[in-house]
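**Student:** Need coordinates for the following:
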Amino acid sequence: MTNSKYYEMKCEFFSLWDKVCVSVKFNSLIVVLSAVMLAVSCSKDMGNYDYTDPNMATILVVNSNAGTSNPDSFLIRQQDSLKIDIEITQTKPTGEMLVNWYLIPTSSTQGNLPQYELGSSKNLRAYVQMQPGFYQMVCKVTDQSTGNSFYKIYKLTVTTAPWGGEGWLVLQDKSATRNGNDISIILTLDGTTPGADVYHNLYSNTNGKMLPVGTNNVYVIDYASSINQQSVMFTYGFGAIQTRFTDFSDSVDLNTMFVVPPSTFNYQRILCVNQGQREMVINSNQLYFRRVNIATITNAPLMYSAPILGSWEASPYLGFAAGLTDYMVTIYDQKNRCFVHYDLQANALVPSMPDIPNQHFGAYFGTGSPHPLGPQGKGFDFNNIGKDLLYAENAQLLTYAASNGVSSWWNYFFRNPSKDSTFIFQFQVYSIGTNYSAVNNQTTGRYYLNPARCPDINAASMFAVPNHLSIPGGVFYYTAGHQIHGCVIQQPNAAQGSSAVNATLGYNFEQGTVIKVMKIFKSEYSGSTNAPFTPLPANEGRVLAVATDETANGKGHNVYFFRIGNNGALGAPMSSYGGFDKIVDLEFKKTRGL
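**Tutor:** Numbers count the residues shown, from 1 in each chain. Okay, here's the model as predicted:
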């Protein structure tokens, strides 16, 4: 048998886009037959044909503000304006080219994007509102004379905007000029370096509307680092909004997130224990909570529990330890003026007692005097405080607890119902593995704040507690008119007699200044010795942030940062920032997930 010879025939096919060359090998017999058939066919068709190449277009980026090492990809910060200029070349120029820009997902898991059409001109100018992530951007060029379209796909990476990172949020009342409230951010960790960048109108720029008139608090909720999540929430009395931490865009209306909706909405406080998983809400003096962890975040929406009901009315100020014992909370019953300890995990009182007002603990059995008029610095009865709670704050670091048994000192500020006497109570809140405040034998920790030593203390309504000084004792601050006073707490001794708290002038603002907010820098980082090994900032608990209204002196509304000395003294401000509207609240926002 003779081996067949093979021949190669090249046939050209034309599409709208490209010339495609296809090579086919035929057996020699097939070639001969095909040649005969082709000759017959050609003898019958003597037409004149003029084949032309289709019009082809090339898209070239000539200028862009989204710098990149790859001309097929762009990098831009969230909420920035994307600027791209292109040139279009054609094999047969027509001068009639229509350009459209679109944003599409990189995968089906992203779903439909809230922003689709970016622009319809050769030079793109687009305000990018997308969340940080990876996207595809399509440039579509249409030849209007033929209707043919050409496409170029680019990669677009959106990174977090500067104002979505770490800094101090400044909530302001802008209702006089813009019919609502808004926020700014000062991009500083602790105010030690003057001249940090300040960004304004963050909520309205993202959402196209203002926060409701009367928005009174901003809360930054830091969940356990394992889920790398954070929320920024705003309350306005009859409602609350949860926003995304990257751009402050509306995320959740909290009024819709209750298993048993409250009869009235009156948000008094929202909090989450550092590195904990229970986000707690005090609404109309009732406690609600929801668990936010690696297991629950995949089952949205995350609903708040039914209210924790009992004989008590919960004060907005909850005492708690850190980390693994975040389910143990110390509640002050402002109705019956006593303390209650509650285990959110077991849904039970601690210690296990019948729910009877003023009897949530056994009878007092400490050696000191629990009587309200007893000696200075002596003990007190958890069942019978008998005073109105003004404020409470931790006086010791709340670092992540790698194991149970870690408790923390807290300062509770009380005033008699007659408003004529003010006290500070200092004790360790309850934690699993310890008996702190679980039994009623507190022998020290109650201090009378004598107006002769603490000027205007009975009119003070604003307090702040650093957490780096020796405990028990330490320092706290309170405001009196345009002045900040620092109070040193000392254990009483014979030389001091009945008074162990002495106030000194911390800082004297100009007459007419109204102090609006005063907060200690407490970053909510976990600490350097426990997982996930995030170091505490060097100035943790050592900076006092103060917001003022100095319009009476023609100085507007300002934020100041003071360094707290080793003895609690305040020096001159390290830095200050102006240009704000009427300031309502201040809150530090750390980097997420740490």
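**Student:** Where does the prediction get shaky in the stretch 451-594 of the chain?
**Tutor:** Where the stretch 451-594 of the chain drops to pLDDT under 70, the residues are 491-499, 528-533, 592-594.
**Student:** switch to 80 and redo it
**Tutor:** 490-500, 526-535, 592-594 (pLDDT under 80).
**Student:** Also the stretch 301-450 of the chain?
**Tutor:** The stretch 301-450 of the chain contains residues with pLDDT under 80 at 321-325, 366-377, 398-407, 430-439.
**Student:** Show me where the stretch 1-150 of the chain has its helices.
**Tutor:** 28-44 (DSSP state H, counting those that start in this stretch).
**Student:** typo on my end, it should be the chain
**Tutor:** 28-44, 175-178, 202-207 (DSSP state H).
**Student:** which parts of the second one are buried?
**Tutor:** Spelled out, that is helix 175-178. By neighbour count on 16 or more other Cβ atoms under 10 Å, the buried set for helix 175-178 is residue 175. C-beta coordinates here come from the backbone N, C-alpha and C atoms, glycine included.
**Student:** got the CA coordinates for it in CSV?
**Tutor:** What follows is helix 175-178 as a C-alpha-only set of coordinates in CSV (Å, rounded to 0.1, in the frame of the first residue of the first chain):
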residue,chain,number,x,y,z
SER,A,175,-29.3,71.7,62.1
ALA,A,176,-28.9,75.5,62.0
THR,A,177,-27.5,75.4,58.5
ARG,A,178,-28.1,72.0,57.0
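**Student:** what's next to it, contact-wise?
**Tutor:** Applying Cβ atoms under 8 Å, 6 or more residues apart in numbering, the contact partners of helix 175-178 are 181, 204, 210, 213, 581, 582.
**Student:** And stretch 261-273, by the same measure?
**Tutor:** Against stretch 261-273 from outside (Cβ under 8 Å, 6+ apart): 217, 219, 221-223, 233, 235-240, 254-255, 278-286, 292, 307, 316-318, 320-323, 326, 398.
**Student:** just the buried members of those?
**Tutor:** By neighbour count, with 16+ other Cβ under 10 Å, the contacts of stretch 261-273 hold 217, 219, 221-223, 233, 235-236, 239-240, 254, 278-283, 285-286, 292, 307, 316-318, 320-323, 326, 398 as buried.
**Student:** hmm, back to that, among the contacts of helix 175-178, which one has the most neighbours?
**Tutor:** Among these, residue 181 has the most neighbours (other Cβ atoms under 10 Å), with 26 neighbours.
**Student:** ok, that one - contacts?
**Tutor:** 171-175, 203, 210-215, 234, 584.
**Student:** What separation is there between it and residue 163?
**Tutor:** Computed as Cβ to Cβ, to the nearest Å, the residue 181 to residue 163 distance reads 17 Å.
**Student:** ditto for residue 573
**Tutor:** 23 Å.
**Student:** So for these two, which sits in the more crowded spot?
**Tutor:** residue 163 (26 against 17).
**Student:** what sits opposite the nearest residue to that one once chain neighbours are set aside in the beta ladder?
**Tutor:** Once flanking residues are discounted, residue 163 sits nearest to residue 199: 4.1 Å by Cβ to Cβ, 6 or more residues apart in numbering. Under DSSP bridges, the beta-bridge partners of residue 199 are residue 185.
**Student:** Tell me where the stretch 51-200 of the chain has strands.
**Tutor:** 57-64, 73-77, 81-90, 97-104, 117-119, 123-127, 133-143, 149-159, 167-173, 181-186, 198-199 (DSSP state E, counting those that start in this stretch).
**Student:** can you tell which of those strands is closest to residue 526?
**Tutor:** For residue 526, the closest of those is strand 167-173, at 19.4 Å, according to Cβ to Cβ.
**Student:** That closest one versus strand 181-186: what angle between them?
**Tutor:** Interaxial angle, strand 167-173 versus strand 181-186 (axes from the mean of the first three to the mean of the last three Cα atoms, to 10 degrees): 150 degrees.
**Student:** What average pLDDT does strand 167-173 get?
**Tutor:** For strand 167-173, the mean pLDDT works out to 98.
**Student:** strand partners of that strand, parallel vs antiparallel please.
**Tutor:** Short version: by DSSP bridges, strand 167-173 pairs with strand 181-186 (antiparallel), strand 582-589 (antiparallel).
**Student:** Please report the number of neighbouring residues for residue 472.
**Tutor:** Count around residue 472 with other Cβ under 10 Å applied: 18.
**Student:** Kindly indicate which of the contacts of residue 181 lies nearest residue 63.
**Tutor:** residue 203 (32.5 Å).
**Student:** On the pLDDT front, check that closest one for me.
**Tutor:** pLDDT, residue 203: 95.
**Student:** Just list the residues touching it, thanks.
**Tutor:** 181, 182, 183, 210, 211, 234, 243, 248.
**Student:** Columns pLDDT and distance to residue 104 on top of these, output as CSV?
**Tutor:** Below are those laid out as CSV (pLDDT from 0 to 100; distance: Cβ to Cβ, whole Å):
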residue, pLDDT, distance to residue 104
181, 98, 36
182, 98, 32
183, 98, 32
210, 97, 32
211, 97, 32
234, 98, 33
243, 95, 26
248, 91, 25
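**Student:** are any of the residues you listed buried, and which?
**Tutor:** Here, 16+ other Cβ under 10 Å leaves 181, 182, 183, 210, 211, 234, 243, 248 buried among the contacts of residue 203.
**Student:** Bridged to residue 155, which residues?
**Tutor:** With DSSP bridges as the rule, residue 155 is bridged to residue 73, residue 136.
**Student:** surely it meets residue 134?
**Tutor:** Yes: Residue 155 is in contact with residue 134 according to Cβ atoms under 8 Å; the separation is 7.0 Å.
**Student:** list the residues that contact both of those two?
**Tutor:** With Cβ under 8 Å, 6+ apart, residue 155 and residue 134 have no common neighbours.
**Student:** For stretch 441-457, report the contacting residues that lie outside it.
**Tutor:** Residues outside stretch 441-457 that contact it (Cβ under 8 Å, 6+ apart) are 364-368, 370, 374, 376-382, 421-427, 458, 472, 478, 480-481, 485, 487, 489, 491, 498-503.
**Student:** Just those residues: which are in strands?
**Tutor:** Applying DSSP state E to the contacts of stretch 441-457, the entries found in strands are 422-427, 478, 480, 485, 487, 489, 501-503.
**Student:** which one of those residues sits closest to residue 386?
**Tutor:** Checking these one by one against residue 386 (Cβ to Cβ), the nearest turns out to be residue 423, at 10.3 Å.
**Student:** Check the gap between that closest one and residue 390 for me.
**Tutor:** According to Cβ to Cβ, residue 423 and residue 390 sit 10 Å apart.
**Student:** Can you check which residues contact both of these two?
**Tutor:** Common neighbours of residue 423 and residue 390 (criterion: Cβ under 8 Å, 6+ apart): 413, 414, 415.
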